[in-house]
Each structure stands twice: as C-alpha cells, then as structure tokens.
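In: Sequence first, then the predicted structure:
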Amino acid sequence: MRYVAPARSSVDPAVFERPPLAAWNEYAALLRGEHWPTVKTLDALLPLAQRERFVAQTRAVLDDGLHYEQRIHAHGAIATREANWHDLFNALAWLRYPAIKRALNAQQVAEIALMGPSTRSRPQYAMTHFDEAGVLVAVRDPALLALWDAHDWHGLFWRRREAWLDGSIHAEVFGHALLEHALTEGKLLVGKALVFACAAGDDPAGDDASVTARCAAGIADGSLLRDPLQLRPLPLSGIPGWHPDNGAEAFHRDAECYQPLREGRSYPPPVPDIASPRS
C-alpha cells in the first residue's frame, strides 16, 4: 500500500524528538513551523555558488520534455513541489549531502543515456532504492557484521544493544522517503544500508564526514550501487530510541520489521577505510 504522509497540522510533534528526524533539528523551522516553506525559501539556503537550484515544479517546467534527473544535470533545476513532505525532505538531503546527491544524479543520467528514459537498469534500481530509503552505516566493531549477515536481529539490537550507544555502529538516514515515513509515530522503519568500515576509537563526528565523502566518491566512480543486492536491509526501529517500544526484549523477538534471511542471500563486505592512519 502506498504511504500517505500526514497533513502538516496533524503530525505528532514527538516524532521530531526521536531519530531519525531528531538528527535534522537544524531544519526545525522548515519541518515544524505552522506554514510550509516556499521553494524560494529552500533555494535561499543553498550556497550561492552551487549550480543546482530548487525550482517550483510547474507545468512550464515539466513541459521541457526532460527526465527529472536530466533536468538537474543539464540545467541544475531540481523540480520541487510546494507543500509536499516528500519533496521537502528531498530538498533537505540536497542541503546536507550535496556531493552524494550530485553523484547519484550523474550516474542516473549516464544510465538514462544507455537505457532510455522509460527503462531502468540494475544500477538505476539500486540508486533509486538508496535515494529513497538509504542509510549510511559506520561500523567500528566488525563482529557486529556476523549478526547482521545472519539476520540475528535479537543479537544485533538486543544482546549488543550497547553497540548502538557507544559508537561501535552508527546509522545516519539519507533517504528522503524514509524520513517522510518517520512522520508517522510508531511506524516500523526499514532502510537500505551501505556499510563503511571505520577504525575503532576514531571520532564519530569525523567518521560521519569521512563516510559521506567515501559514499559520494564510491557512487561517482561506479564502485557502489551497481546492483540492489549491494544494499543491506536495516530495521531502524530496532536501534535504541528509534521506536517507542524497543526498550523491551519482546520487541526484538517478534517485531514485523525483522525478516528472516532469505535462502541464498548474502551481503557484500563493508566499504574499507583506506584513509591514512591517524597519528
């Protein structure tokens, strides 16, 4: 069933105090204000030197005959609907992750040139999944990957619950549709994750910037998101604080977001950290 976002006036304010939306509090005025921000307001938040701009999605804009991605690539015009949660979160992703969004756009346009505007390739499906529901995951404790590989959700989210609190593993939501779904209180969220290895003891804040740069570079050079199977499902609702019920062990035994491992399914290793060791 297609998700329908709640009306702006009916969103429970509590959702903005809980991850993943709590991580976007620098945009609280855009998300929580009584009135929708205009496209002009969103565009004013972009750096003046940035080529891409938000433009109101009008009939005149759409009548140029270009695919959405081609329009961004050719003219820098990000067609944006007014008073629309999905497009607002997409705008926020452009504001926070311009390098990743730009890399996705360039690869999408390259695939459109190969496949045409009405057929999608495996890389296009992978990029679309990530653009809509993507999660960047930094892993500092490789032992956690064995639990994830086996879909041992009880182990990953309950027995190793402290790992999500001490920085051993950290998830950052990128996908704008996933952020939109988080507007519904109590909704079980599952993301599509890319995993990045990080050295134990590194500063999490520094790793977040490193992971963002590594993600953008991997998409741009074609080493990431060439197939949907490169993405790992991650039941975000299991992370401490991300769902109101996950403080009880029973949640981690029977929550519907926890699916068993499909026979024959395996996952790629995390993207290695090839940065020079820190002194």
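Out: Okay, I see it. Residues are numbered from 1 along each chain as shown.

In: which stretches of the stretch 51-200 of the chain form strands?
Out: Using DSSP state E, counting those that start in this stretch, the strands of the stretch 51-200 of the chain run over 53-56, 77-80, 134-139, 169-173, 190-197.

In: Any idea which of these gets closest to Arg96?
Out: strand 169-173 (9.6 Å; CB to CB). (Glycine included, C-beta is placed from N, CA and C.)

In: Can you tell me what sits against the closest one?
Out: Residues from elsewhere that reach strand 169-173 (CB atoms under 8 Å, 6 or more residues apart in numbering): 19-20, 23, 134-141, 144, 163-164, 179, 182, 191, 193, 204, 207-208, 211, 234, 236, 239.

In: Show the contacting residues for Asp149.
Out: Going by CB under 8 Å, 6+ apart, Asp149 touches Leu261, Ser266, Tyr267.

In: The same query, at a cut-off of 10 Å, please.
Out: Leu156, Arg232, Leu261, Arg265, Ser266, Tyr267, Pro269 (CB atoms under 10 Å, 6 or more residues apart in numbering).

In: Just give me the neighbour total for the first one.
Out: What that stands for is Leu156. The number of residues packed around Leu156, counting by other CB atoms under 10 Å, is 26.

In: Verify the stated contact: Tyr267 with Lys192.
Out: No: look at Tyr267 against Lys192 with CB atoms under 10 Å: they stay out of range, at 11.7 Å.

In: Common neighbours of those two, please.
Out: Residues touching both Tyr267 and Lys192 comprise Gln230, Leu231, Arg232, Pro233, with contact defined as CB under 10 Å, 6+ apart.

In: Filter the contacts of strand 169-173 down to the buried ones.
Out: 19-20, 134-140, 144, 163-164, 179, 182, 191, 193, 207, 211, 234, 236, 239 (16 or more other CB atoms under 10 Å).

In: Please identify which of Tyr267 and Lys192 sits among more neighbours.
Out: Neighbour tally, Tyr267 and Lys192, criterion other CB under 10 Å: the higher count belongs to Lys192, 23 against 16.

In: who are the neighbours in contact with that one?
Out: By CB under 10 Å, 6+ apart, the residues touching Lys192 are 126, 128-135, 174-175, 178, 225, 228, 230-234.

In: hmm, back to that, of all the shared contacts of Tyr267 and Lys192, which comes closest to Lys187?
Out: Nearest to Lys187 among those: Pro233, at 15.8 Å, using CB to CB.

In: Let me know the secondary structure of that closest one.
Out: Pro233 carries the three-state label strand when classified by DSSP: H, G, I helix; E, B strand; the rest coil.

In: who's the nearest residue to it once chain neighbours are set aside bridged to?
Out: Residue nearest to Pro233 in three dimensions, not counting chain neighbours: Val190, with 5.7 Å by CB to CB, 6 or more residues apart in numbering. Legend: beta-bridge partners of Val190 under DSSP bridges are Pro235.

In: okay but Val190 is in contact with Trp242, surely?
Out: No: between Val190 and Trp242 there is no contact under CB under 10 Å: 11.4 Å.

In: Common neighbours of these two, please.
Out: The contact sets of Val190 and Trp242 overlap at Pro235, Leu236 (CB under 10 Å, 6+ apart).

In: hang on, the earlier thing: I'd like to know which of the contacts of Asp149 are buried.
Out: Counted by 16+ other CB under 10 Å, the contacts of Asp149 give Leu156, Arg232, Tyr267 as buried.

In: Spit out the contact partners of the last one.
Out: Which is Tyr267. So Tyr267 contacts Leu145, Trp148, Asp149, Ala193, Val195, Leu229, Gln230, Leu231, Arg232, Pro233, Leu261 (CB under 10 Å, 6+ apart).

In: May I ask which helix or strand of this protein has the lowest mean pLDDT?
Out: helix 204-220 (a mean of 87; mean pLDDT, DSSP states H and E).
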